[in-house]
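In: let's see this in three dimensions:
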Amino acid sequence: MQTVVVCALYKFVRLNDYQALRDPLLELMLSLKVRGTLLLATEGINGTIAGSRHGVDQVLDWLRAVPELAGLDCKESRSDKLPFKRSRVKLKKEIVTMGVEGIDPRHAAGTYVAPSDWNALISDPDVLLIDTRNDYECEVGSFEGALNPDTKSFRDFPEFAKNHLDKTQHTKVAMFCTGGIRCEKSTAYLREMGFDEVYHLQGGILKYLEEVPEKDSLWQGECFVFDDRVTVNHQLEPGSYDQCHGCRRPITETDKQSEHYIAGAQCPRCRDEITDDQKQRFLEREKQMRLARKRGEPHMGEDAKVLLQAKRDEKRPGDKA
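Out: Numbers count the residues shown, from 1 in each chain. Model prediction:
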């Protein structure tokens, strides 16, 4: 099978007519069999797509033809199969949701630090290193010595910052996230709070893993990604984790041996979080997915819709001449 290109991208820019981009962009992705999700908002674009080299390049060329997105950058990795089931373009209020109005990364974000300079910065004992990702992301891998804010979502970060960060004590703060976008807002937020020296890893963890040799790396573990690969290793190849279909957290083979693990429904961590009704829905979904795989058919996404329509057309009597 042809190698799949996985492309993570974002850009903070003023997109006044972002709604008009949705339909033609989605049609292009569908025609090229490019899967993934792109978010559009007044503040810019964010998302990850995957497909053939030709397909991904065509989508990127289309986006860069939009004047505001001409300088769009991305981080790429490879996969043996499509890590997404659907093609989606969503209209949003924010391209990454922190829930604080008035934060504009275009004017207030922290200082970018290239991956090649990151090790030196975070090795400085005066630097407070913060992982801005969610708790389950931090658990599968992070930089040596990084503070885990133990947040459930990015909306929790402002509360963490107010309660645990002090601009008089933490005079140098460095932050990082998967692809860089959350740090655009988190560093801008700290700057608004009065922090002077605020840095963030340019391109995020994915760019660091791409550019810094493993022998020189300060990264430990794997990096969680929001697609069917679940995690990637230092070579940006699919990692060793699976995913609970109930709570969407990464799980290990040990987790799957637990008496509390039910394939497609729950893992040891979420067994007390989901209701019986949810569990039954998850089990039914897992059953339908297995049946679809046995028939060699897609279960979810645009391919499934196209297939269903094709079958309807086959059953429909032809028009008389």
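In: going by C-alpha atoms from here, please, whenever you check contacts or count neighbours.
Out: Noted.
In: could you pull out the helices for this structure?
Out: 18-31, 53-64, 105-108, 115-122, 135-140, 157-164, 181-192, 204-211, 253-256, 276-295, 301-315 (DSSP state H).
In: mean pLDDT for the ones you listed - can I get that in a markdown table?
Out: What follows is those, written out as a markdown table (pLDDT from 0 to 100):
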| stretch | mean pLDDT |
| --- | --- |
| helix 18-31 | 98 |
| helix 53-64 | 98 |
| helix 105-108 | 90 |
| helix 115-122 | 98 |
| helix 135-140 | 96 |
| helix 157-164 | 96 |
| helix 181-192 | 96 |
| helix 204-211 | 96 |
| helix 253-256 | 95 |
| helix 276-295 | 84 |
| helix 301-315 | 43 |
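In: now the ones you listed in TSV, with mean neighbour count and distance to residue 5?
Out: TSV is the format used below for the helices of the chain (neighbours: other C-alpha atoms under 10 Å; distance: least, C-alpha to C-alpha, whole Å):
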stretch	mean neighbour count	distance to residue 5
helix 18-31	15	14
helix 53-64	17	6
helix 105-108	14	28
helix 115-122	16	22
helix 135-140	19	23
helix 157-164	13	32
helix 181-192	23	20
helix 204-211	21	14
helix 253-256	13	27
helix 276-295	14	23
helix 301-315	13	19
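In: out of those, which is closest to residue 76?
Out: Closest of those to residue 76 is helix 204-211, at 8.2 Å (criterion: C-alpha to C-alpha).
In: give me the contacts around that closest one.
Out: Outside helix 204-211, the residues within contact range by C-alpha atoms under 8 Å, 6 or more residues apart in numbering are 75, 115-116, 176-181, 223, 234-236.
In: now the buried members of the residues you listed.
Out: 75, 115, 176, 177, 178, 179, 180, 181, 223, 234, 235, 236 (16 or more other C-alpha atoms under 10 Å).
In: of all these, which comes closest to residue 146?
Out: residue 176 (9.4 Å).
In: per-residue pLDDT of the closest one, please?
Out: Per-residue pLDDT puts residue 176 at 98.
In: which of the buried ones among the contacts of helix 204-211 fall in strands?
Out: 75, 176, 223 (DSSP state E).
In: what is the last one paired to in the beta sheet?
Out: Same thing as residue 223. residue 232 (DSSP bridges).
In: between the two ends of stretch 254-271, what distance do you get?
Out: Using C-alpha to C-alpha, to the nearest Å, the end-to-end distance of stretch 254-271 comes to 16 Å.
In: scratch that, stretch 268-281
Out: Stretch 268-281: ends 18 Å apart by C-alpha to C-alpha.
In: please apply the same query to stretch 126-140.
Out: Chord length of stretch 126-140, first to last residue, is 26 Å (C-alpha to C-alpha).
In: other residues contacting that stretch?
Out: By C-alpha under 8 Å, 6+ apart, stretch 126-140 touches 121-122, 142, 145-154, 157, 170-178, 182-183, 186, 221-224, 249-250.
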